[in-house]
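Undergrad: show me how the following folds:
(one chain, ligands or ions: 1)
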Amino acid sequence: MIKITAAITGVQGYVPEKVLSNKDLEKMIDTTDEWITTRTGIKERRMLGDGNPTSDIGVEAVNKLLAKKGIQPTEIDLVICATVTPDYPFPATANVICDRTGMKNAWSFDVNAACSGFIYALTTGSQFIETGKYKKVIVIGADKMSSIIDYEDRATCVIFGDGGGAVLLEPNTEGNGIIDSVLKSDGEGRKYLIQPAGGSKQPPTHETVDQRLHYVHQEGKAVFKFAVTNMADVSAEIMERNKLTSDSVDWLVPHQANLRIIDATANRMGLSKDKVMINIEKYGNTTAGTLPLCLWDWEDQLKKGDNIVLSAFGGGFTWGSVYLKWAYNSKEEK
Ligand code: UT7
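TA: This next block holds a predicted model:
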């Protein structure tokens, strides 16, 4: 029997036009462009407008993705949206995106795995293709981090931005597509990275708002230590499991939280900088959005058969790696 794998057959990103630069932040909080650049690698990030929800990112990305693939919205079977900044606690942002784009035949749901959301959703979506039952699955990673960031907390606000992207998954019988994934979580990490209020544990009250509990609370140093070790470990693990070497890996697509975490992961994998997708300087950390944004920025350079490792670490804690073989020559398709 021919094995069906789930291959990415198209990618589209979206970032809002409004830029928040390090220089802008210098006017808002006690920080400097020099501190942010040397500690994180970030120069600027994008901001969605006040009236624009996360679904705007998904809608923009999906509409352009469908147009460039020449596919009708009604052909999509399933939509999974990874986000920690949903339009509403419920219904799911994926439901909203389907409604707004006319994907009327798709069932849809959200995945909440913070910065690892995209690899969790990609792995989930790939299973539905592998069964042979589903032919077209869209996986979205999108976050409007500015909606939950405290712009008075200088240690946290400098790293986050808004944006995301979408990929189309289709069956592949040539051996390309998603080959393996290693996914992990450890809920103890919630003490270091959390949005404390707004859920059933601490529903919104005047007090929770006054205490600024609806914002992201991060102990940066602790998260950094876990991220550096775990993202490097899991990337090494997926290489070992699939007998990949630093020569045979063509690209690392790392979560963009901090350039120092990315460097540590690339070093552990033995990869030179030219094989690592880095766009943190222009978008910052868009949480579930970083990986599709990297694939979108690099799409033209990707070739059929390229060995690609995606790696992420984030709130939960959640972390993991996906190994995939790129399924098309992007340049030729345009
Ligand atoms: O994406 C999901 C997971 N998240 C991550 O992976 C983030 C991981 N953590 C980080 O990337 C880093 O911890 C941060 C970039 C968030 C912070 O960098 P750091 O090197 O860990 O700084 P720190 O929080 O330990 O602070 C060092 C110093 C402190 O001053 P003192 O106490 O040494 O005098 C801070 O008050 O830097 C100060 N500081 C700042 N100074 C200027 C903290 N934030 C700023 C700032 N501008 N924006």
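Undergrad: got the residues of the stretch 1-150 of the chain near the ligand?
TA: Within the stretch 1-150 of the chain, the residues that sit near the ligand (CB under 6 Å from any ligand atom) are 31, 35-36, 39-40, 115. To be clear about C-beta, it is placed using only N, CA and C from the backbone, and glycine gets the same treatment.
Undergrad: out of these, who's the most crowded?
TA: Cys115 (32 neighbours; other CB atoms under 10 Å).
Undergrad: am I right that that residue sits in a helix?
TA: Yes - per DSSP: H, G, I helix; E, B strand; the rest coil, Cys115 lies within a helix segment.
Undergrad: isn't it up against Thr287?
TA: Yes - assessed by CB atoms under 8 Å, Cys115 is found in contact with Thr287 at 5.2 Å.
Undergrad: so what sits against both of those two?
TA: Gly314 (CB atoms under 8 Å, 6 or more residues apart in numbering).
Undergrad: so who does whatever residue of the stretch 101-250 of the chain ends up closest to the ligand touch?
TA: Closest approach between the stretch 101-250 of the chain and the ligand, counting by CB to the nearest ligand atom: Gly220, at 2.8 Å. Counting by CB under 8 Å, 6+ apart, Gly220 touches 155-156.
Undergrad: now do the closest residue to Val19 other than its chain neighbours against Asp33, distance only.
TA: Distance criterion CB to CB, 6 or more residues apart in numbering; nearest residue to Val19, sequence neighbours excluded, is Glu44 at 5.1 Å. In this structure, Glu44 and Asp33 are 10 Å apart, going by CB to CB, to the nearest Å.
Undergrad: comparing those two, which residue is more hemmed in?
TA: Glu44 (19 against 16).
Undergrad: now do the strands in this structure.
TA: For the chain, the strands defined by DSSP state E occupy 5-14, 19-21, 44-46, 78-82, 107-111, 137-144, 162-172, 177-185, 193-194, 217-218, 251-254, 307-314, 318-325.
Undergrad: ranking those strands by burial, who's on top?
TA: Greatest average neighbour count among the strands of the chain goes to strand 137-144 (a mean of 32), per mean count of other CB atoms under 10 Å.
Undergrad: which stretches of this protein have low pLDDT?
TA: Filtered on pLDDT under 70, the chain yields the residue ranges 332-334.
Undergrad: longest single helix anywhere in it?
TA: helix 220-241 (DSSP state H).
Undergrad: angle of it against strand 177-185?
TA: Here the directions of helix 220-241 and strand 177-185 differ by 140 degrees (axes from the mean of the first three to the mean of the last three CA atoms, to 10 degrees).
Undergrad: which residue is nearest the centroid of the protein?
TA: Ala288 (2.9 Å; CA atoms, centre = their mean).
Undergrad: wait, it touches Asn112, no?
TA: No - when contacts are counted by CB under 8 Å, Ala288 is not listed as touching Asn112 (9.1 Å).
Undergrad: as TSV, the strands of the chain with distance to Tyr120 would be great.
TA: Formatted as TSV, those follow (distance: least, CB to CB, whole Å):
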stretch	distance to Tyr120
strand 5-14	14
strand 19-21	28
strand 44-46	23
strand 78-82	6
strand 107-111	5
strand 137-144	10
strand 162-172	14
strand 177-185	6
strand 193-194	16
strand 217-218	20
strand 251-254	15
strand 307-314	9
strand 318-325	7
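Undergrad: of those strands, which is nearest Ala266?
TA: Comparison of the strands of the chain against Ala266 by CB to CB identifies strand 251-254 as nearest, at 5.8 Å.
Undergrad: so what secondary structure elements neighbour the closest one?
TA: Contact analysis of strand 251-254 by 3 or more CB pairs under 8 Å, 6 or more residues apart in numbering; DSSP states H and E lists helix 259-269, helix 290-298, strand 307-314 as its packing neighbours.
Undergrad: and stretch 121-133, how far out from the chain middle?
TA: Computed by CA atoms, centre = their mean, to the nearest Å, the separation of stretch 121-133 from the middle of its chain amounts to 18 Å.
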